[in-house]
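Participant: What shape does this take:
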Amino acid sequence: MPSPDILRLTTTEDGRFRLEIDIVVDDLGQATRLLQEIDATRRISPFVNSLPTAAQRSSTPPTPVAIDAAALLRLAQAYSATTGLALRTVGRRVFGVTNDRFFIRIAEGKGVHSRSLEKASAWFASHWPETADWPSDVPGGPLTTVRPRLRRRTGNAPIRGDAHPLRRYRARHNMTSEDLAALLSCSAALISKIEARKRALSSSMLRKILERTQGELTAEELLGRNPDEGDTPT
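Facilitator: Here you go, the predicted model:
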């Protein structure tokens, strides 16, 4: 019996196989017998076995589409609008505290590294909120969607006037204690104690807060003293 010559063996989008087979026979009778006798699975099994299984295909993540800085900023802004997070907090989710101003720098027109663009593109593609639409003017789309991890808004309740400056800072930036702890490289428990005024600020912590909040908080505000008093904690 003639063997089929497989011209092409491909997979469809839904994971099935598409076969194109060419068989040459001498007459119609032989063709009829072949149609009845050919065990297609046995004939093509060596080729099928060489293809990745459905599990193997699903375990190989698709490659996200590379986008430029302007399009990436639109993604960050859309993500920010959906989750209620500031751009700096979005940057912290993508890169950690070491590069949390990434999207702010793009908004300011500053240059960014191509590897950072690739990392952020891949992050959005695999962490896109299921309740948000991918911006129509940005190429690609989400590879997977997730339920947005919304931060509990610290500003839902009015912030008292005598609240600790760190508490007011968190409210302005929609940050949790964990967010601020990550920014300051300390524990959330320490932040809570400082805000409750159960733990005094050390000199090193004061310097760290002033540096990483980039001047938004002052030493006088944090120490609760008038500028002319001039004392610092020891």
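
Participant: other SSEs contacting the helix or strand where residue 90 lies?
Facilitator: Using DSSP states H and E, residue 90 falls within helix 87-95. Of the remaining helices and strands, those touching helix 87-95 by 3 or more C-beta pairs under 8 Å, 6 or more residues apart in numbering; DSSP states H and E are helix 69-83, helix 102-107, helix 114-127, helix 177-184. To be clear about C-beta, it is placed using only N, CA and C from the backbone, and glycine gets the same treatment.

Participant: Run a quick check on residue 125 versus residue 143, I expect a contact.
Facilitator: Yes - here residue 125 reaches residue 143: they are 4.6 Å apart, a contact under C-beta atoms under 8 Å.

Participant: These two: who's more crowded?
Facilitator: Neighbour totals were compared for residue 125 and residue 143, and residue 125 leads with 22 against 16 (other C-beta atoms under 10 Å).

Participant: What score does that one have for pLDDT?
Facilitator: For residue 125, the model assigns a pLDDT of 88.

Participant: what's the spacing between it and residue 166?
Facilitator: Distance, residue 125 to residue 166, by C-beta to C-beta, to the nearest Å: 34 Å.

Participant: repeat for residue 103
Facilitator: Residue 103 sits 23 Å away from residue 166, going by C-beta to C-beta.

Participant: ok, the two, which is more surrounded?
Facilitator: residue 103 (27 against 22).

Participant: That one against residue 92, yeah?
Facilitator: No - using C-beta under 8 Å as the test, residue 103 is too far from residue 92 to be in contact (10.2 Å).

Participant: Low-confidence bits of the protein, can you list those?
Facilitator: 1-25, 30-66, 148-161, 225-234 (pLDDT under 70).

Participant: all strands of the chain, in order?
Facilitator: Ranges of strands within the chain are 5-11, 17-22, 128-129, 145-146, based on DSSP state E.

Participant: Need the contact partners of the last one.
Facilitator: In this case it means strand 145-146. By C-beta atoms under 8 Å, 6 or more residues apart in numbering, the list of residues contacting strand 145-146 from outside reads 127-130.

Participant: Relative to that strand, what are the paired strands and their orientations?
Facilitator: strand 128-129 (parallel) (DSSP bridges).

Participant: Give me the contacts around the strand it pairs with.
Facilitator: By C-beta under 8 Å, 6+ apart, strand 128-129 touches 79, 82-83, 134, 142, 144-148.

Participant: are any of these buried, and which?
Facilitator: 79, 82-83, 134, 142, 145, 148 (16 or more other C-beta atoms under 10 Å).

Participant: Could you single out the nearest of the residues you listed to residue 67?
Facilitator: residue 134 (11.1 Å; C-beta to C-beta).

Participant: Hmm, residue 125 and the closest one touching each other?
Facilitator: No - using C-beta under 8 Å, residue 134 is not in contact with residue 125, being 9.1 Å away.

Participant: Spell out which residues are contacts of both of the two.
Facilitator: Shared contacts of residue 134 and residue 125, defined by C-beta under 8 Å, 6+ apart, comprise 140-142.
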